[in-house]
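**Q** Fold the following for me, if possible:
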Amino acid sequence: MKTILILLSLLFVATASAQEFEKIIIKNVKSPGVVKAADFNGDSLLDLAVMDLDSEVLSVYLQQSPQNFVLSQQMRVKDLDRKSFVLDFSIGHFDEDNNFDILVHNLKKNQFLYRGLGEGRFTDGEMFYVGMNIENLLTTFTVPGSAHSQLFVINSKVKLGGFELEVLKSDSSEKNKMYNSIRRTIDLNLLFFEQNIAEIALEIDDFAIGDFNGDSHLDLVIACATEDFLIFFTGDENYQFEPLQLIKTEGRVSKIFMVDLNNDQKDEIIVGHNIGKQSRVYTFTDENVSQQQYLVTDKYIMGFSFDKSNNVLA
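**A** Residues are numbered from 1 along each chain as shown. Sure, this is the predicted structure:
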C-alpha cells in the first residue's frame, strides 16, 4: 500500500483559481490514517509525519526534493489502553526549544508526547495528560506573546443537543508547565429546532479552529457524521462560541482545515469529503458562510497543510 499526497499550487481569488497537480508517493505505509506537514529539521522545507493506523506507528519523512522524501524515524505508540485506538496527532511546541514536537492522542485521555530533538529526530513517547476524561478530539493553536502551543479539546459526542469543549492555555514554555483550563458547554437545541433536526445524539467526526470572520478571535467548525452537515460557530475573547450556521454536505466529511489563503485576515474553510473527488472551500461574507469553489482532489482526504511562503496547499 502507498500513501499518495496531491499538492495543489493554488492561486486563490474571488472568482477563479489556478490548480497544478503533483503527486508524491510515500512507500511502506500499510494503512495511512493521518498525514501532516511541518519543517522538522530546520531547512525551510516541509517534511511529513504519517500515522499508520494498523500498526500504530508514526513515521517521519524528511524532504530532500519535491519528489524525494527520506524516512528519518519510526515511533510505535505505546498505548496503555488498547481499547482506545490512536485517533490523530498534533504538531506544535511543548517545551522551551524551537523544535517541533508531536502530540499523539486517542479517543480517551491518553496522550503521548514525542519531543523534537532537531534534524527530524524525536524522543521516546511520554505520557501527557491533558483534556477531558471523555472521548475527545484535540488540536493545537497559538496565541500572541507565547511560543508555547495551546490546546483545544472537544467532546466527540453530541448528547441531548449539546457538547463540551475545553481550552487549555499556557503562557510559559517551561517543560512541565501546567495548563489553565477553560471549559464551555455548547447548546445546539435551538439550532436543531430551527433546522428541523430531530437528532439529539450525534458523532463529531472532525473539527477545525481559526478566524473565519476576521475579528481576531477563534471560531469553530465541526462535522457531524450522522446527518452529514457542518456547523459553524463564532467565538469571542472569552472562548464563548455561538452557533452561526448549519450547512448540509454531500457525503461524509473526512477532514476540515482553516487557513487564510488570500491574505484578507479571514480564514477559508477547506472541507475534504469521503465521496467524489472534490474538496470544498467556504468563506465568510455578509454575516454568513458560503461555498466559494471546488478543489479537485482524491475522494478521501487524510489531512491538509499550507505552505504560505510558496502558496501551496498540500
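
**Q** Residue ranges in this structure under the pLDDT threshold?
**A** Regions of the chain meeting the criterion pLDDT under 70 cover residues 1-22, 78-87, 106-110, 129-135, 145-146, 171-178, 199-201, 226, 276-277, 298-299.

**Q** which strands and helices sit next to the strand or helix carrying residue 231?
**A** According to DSSP states H and E, residue 231 maps onto strand 229-235. Where contact means 3 or more Cβ pairs under 8 Å, 6 or more residues apart in numbering; DSSP states H and E, strand 229-235 is packed against strand 219-224, strand 241-248. Yep, even glycine has a C-beta here, placed from its N, CA and C like the rest.

**Q** Not counting that strand itself, show me its contacts.
**A** Residues outside strand 229-235 that contact it (Cβ atoms under 8 Å, 6 or more residues apart in numbering) are 186, 188, 191, 212-213, 215, 217-224, 241-249, 253, 256, 269, 271, 282, 289.

**Q** Could I have the buried ones of the residues you listed as PyMOL selection syntax?
**A** Per 16 or more other Cβ atoms under 10 Å, the buried members of these correspond to this PyMOL selection:
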select buried, resi 186+188+191+212+213+218+219+220+221+222+223+224+241+243+244+245+246+247+249+253+256+269+271+282+289
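
**Q** Now do the strands in the stretch 201-314 of the chain.
**A** 202-210, 219-224, 229-235, 241-248, 253-259, 268-273, 278-285, 288-296, 306-307, 312-313 (DSSP state E, counting those that start in this stretch).

**Q** Nearest to residue 158, out of the ones you listed?
**A** Among those, the nearest to residue 158 by Cβ to Cβ is strand 202-210 (4.0 Å).

**Q** which helices and strands does that closest one pack with?
**A** Judged by 3+ Cβ pairs under 8 Å, 6+ apart, strand 202-210 is in contact with strand 136-141, strand 150-155, strand 157-158, strand 219-224, strand 253-259.

**Q** Pop out the phi and psi values for residue 302.
**A** With angles defined as degrees, to the nearest 10, residue 302 sits at phi -90, psi -20.

**Q** Quick check: it vs residue 31, distance?
**A** 11 Å (Cβ to Cβ, to the nearest Å).

**Q** returning to that earlier point: buried deepest among the helices and strands packed on strand 202-210, which one?
**A** strand 219-224 (a mean of 25; mean count of other Cβ atoms under 10 Å).

**Q** which outside residues touch that strand?
**A** Strand 219-224 is contacted by residues 154, 158, 165, 202-213, 229-235, 241, 249, 252-253, 256, 258, 267, 269, 271 when judged by Cβ under 8 Å, 6+ apart.

**Q** Just give the strands next to that strand in its sheet, each with its orientation.
**A** Strand pairing for strand 219-224, using DSSP bridges, gives strand 202-210 (antiparallel), strand 229-235 (antiparallel).

**Q** Next, format these as JSON lines and append distance to residue 150 and mean neighbour count.
**A** Output for the strands paired with strand 219-224, formatted as JSON lines (distance: least, Cβ to Cβ, whole Å; neighbours: other Cβ atoms under 10 Å):
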{"stretch": "strand 202-210", "distance to residue 150": "10", "mean neighbour count": "20"}
{"stretch": "strand 229-235", "distance to residue 150": "13", "mean neighbour count": "21"}
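
**Q** Rebuild the ones you listed as JSON lines, extending it with distance to residue 55.
**A** Shown next, in JSON lines, are these (distance: least, Cβ to Cβ, whole Å):
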{"stretch": "strand 202-210", "distance to residue 55": "23"}
{"stretch": "strand 229-235", "distance to residue 55": "32"}
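
**Q** In CSV: the strands of the stretch 201-314 of the chain, plus distance to residue 77.
**A** Formatted as CSV, the strands of the stretch 201-314 of the chain follow (distance: least, Cβ to Cβ, whole Å):
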stretch, distance to residue 77
strand 202-210, 20
strand 219-224, 25
strand 229-235, 30
strand 241-248, 31
strand 253-259, 20
strand 268-273, 24
strand 278-285, 28
strand 288-296, 31
strand 306-307, 26
strand 312-313, 28
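
**Q** so which of these comes closest to residue 195?
**A** Here strand 241-248 is closest among the strands of the stretch 201-314 of the chain (Cβ to Cβ), at 5.2 Å.

**Q** So in that sheet, which strands flank that closest one, and in what orientation?
**A** Going by DSSP bridges, the partners of strand 241-248 are strand 229-235 (antiparallel).

**Q** For residue 48, pull up the helix or strand it's in.
**A** Going by DSSP H and E, residue 48 is in strand 47-52.

**Q** just checking, what packs against that strand?
**A** Counting contacts by 3+ Cβ pairs under 8 Å, 6+ apart, strand 47-52 packs against strand 32-38, strand 57-65, strand 68-76, strand 86-92.

**Q** Switch the helices and strands packed on strand 202-210 over to CSV; also include distance to residue 117.
**A** CSV is the format used below for these (distance: least, Cβ to Cβ, whole Å):
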stretch, distance to residue 117
strand 136-141, 19
strand 150-155, 22
strand 157-158, 37
strand 219-224, 33
strand 253-259, 28
